[in-house]
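S.K.: give the three-dimensional model of this entry:
(one chain, ligands or ions: 1)
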Amino acid sequence: MGGTGLLITEQQAGHRLSKGSFKAACTAWEKRCIPQYEKLAAAVHEFGCKQFAQLFATGVHDRGTMQIDEWHPLWGVSAIPSTVFNEMPMVMGQAEIDDIVSGHGDAAMNVLRGGLDGVEINGAHSYLVGQFLSRAYNVRTDGYGGSVRNRCRFALELGEEIRRRIGTEIPLGIRLSFDEFVRASASHRRRARKPSKSSLLPASTTTSASRPAATTRSG
Ligand SMILES: Cc1cc2nc3c(=O)[nH]c(=O)nc-3n(C[C@H](O)[C@H](O)[C@H](O)COP(=O)(O)O)c2cc1C
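M.R.: Down below sits the predicted model:
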């Protein structure tokens, strides 16, 4: 008796553009992860323990445009910069949202094929799911912003896609933060701006900076 019943990996990238500045992050959406998951499953199962993989996308907390090797655009929920990296993102449109959702489906399938026992979405620590949920980062006026239901839409779509792909055999969970450590920051609020022509969404999908204030990252 005793011992550990469940282990959950550190967050693994659920999409090709979504590992942010974590250069060494596992890219769960790539099939080459499957043999590595198989090794992990074998090592953990030997002791009667279960192993889940946690999937995430960084969203605006990303320094990808500062990297030469793995340059990638910065996709954000709204035109509000990360308080950590301070860079204005391109606002995600439906195509980008769908791409990230689909990537997480691929990643979850790789977790399943690798023989792990469950999937957890990282909705915590102010990463992408948390940014959609947050009134500090989400000032959208389309179906993904505003009401609680709308701010939850992205998380629900991720869950539905993953469940559709992996079926009902293995557990699927989500980790949430209940304290964002949000505090007023006039400088952050000032930096929120109306989208420029280069933003991906039409102007009607984001709002001015009249919404709540800033946040510090919680994780
Ligand atoms: C270096 C480091 C990396 C972490 N990575 C993750 C992560 O990938 N996913 C996650 O959900 N939590 C992550 N956490 C948060 C931990 O899971 C945990 O919530 C935090 O360390 C607080 O632990 P405590 O509740 O035992 O005090 C990380 C924490 C640290 C210190």
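S.K.: which SS class is Gly173?
M.R.: Under DSSP: H, G, I helix; E, B strand; the rest coil, the three-state class of Gly173 is strand.
S.K.: got the confidence number for it?
M.R.: Listed pLDDT for Gly173 reads 98.
S.K.: okay, the residue nearest to it when sequence neighbours are not counted and the ligand: tell me how far apart.
M.R.: Leaving aside its chain neighbours, Gly173 sits nearest to Glu120 (4.6 Å; criterion: C-beta to C-beta, 6 or more residues apart in numbering). All C-beta atoms are positioned from the backbone trio N, CA, C, and that covers glycine. Taking C-beta to the nearest ligand atom, to the nearest Å as the measure, Glu120 falls 8 Å from the ligand.
S.K.: let's verify Glu120: helix, strand, or coil?
M.R.: Classification of Glu120 using three-state DSSP returns strand.
S.K.: tally of neighbours for it?
M.R.: Residue neighbour count, defined by other C-beta atoms under 10 Å, stands at 21 for Glu120.
S.K.: distance of it relative to Glu10?
M.R.: According to C-beta to C-beta, to the nearest Å, Glu120 and Glu10 sit 11 Å apart.
S.K.: between these two, which contacts overlap?
M.R.: Gln54 (C-beta atoms under 8 Å, 6 or more residues apart in numbering).
S.K.: circling back to that earlier point, what residues are up against the residue nearest to Gly173?
M.R.: Ile8, Phe52, Ala53, Gln54, Leu55, Leu172, Gly173, Ile174, Arg175.
S.K.: name the element the fourth one belongs to?
M.R.: Same thing as Gln54. Element membership for Gln54, per DSSP states H and E: strand 50-56.
S.K.: if I look at the residue nearest to the spatial centre of the chain, how far off is His45?
M.R.: Note on the chain: the residue nearest the mean C-alpha position is Ala57, at 3.0 Å, using C-alpha atoms, centre = their mean. Shown here: Ala57 relative to His45, a distance of 28 Å by C-beta to C-beta.
S.K.: what is the most widely separated pair among the contacts of Glu120?
M.R.: Spanning the widest gap among the contacts of Glu120 are Ala53 and Ile174, at 13.3 Å by C-beta to C-beta.
S.K.: neighbours around Arg32, how many?
M.R.: So Arg32, with other C-beta under 10 Å, has 8 neighbours.
S.K.: show me where pLDDT drops low in this structure?
M.R.: Confidence mapping of the chain against pLDDT under 70 gives the ranges 1-2, 183-219.
S.K.: so which bits of the chain are right by the ligand?
M.R.: Listed as neighbours of the ligand in the chain under the rule C-beta under 6 Å from any ligand atom: Glu10, Gln11, Gln54, Asn122, Ala124, Arg175, Gly219.
S.K.: give me the number of residues near the residue nearest to Ala57 when sequence neighbours are not counted?
M.R.: In this structure, Ala57 finds its nearest non-sequential neighbour in Ser18, 3.4 Å apart by C-beta to C-beta, 6+ apart. Ser18 has 30 neighbours, counted by other C-beta under 10 Å.
S.K.: understood, closing this out.
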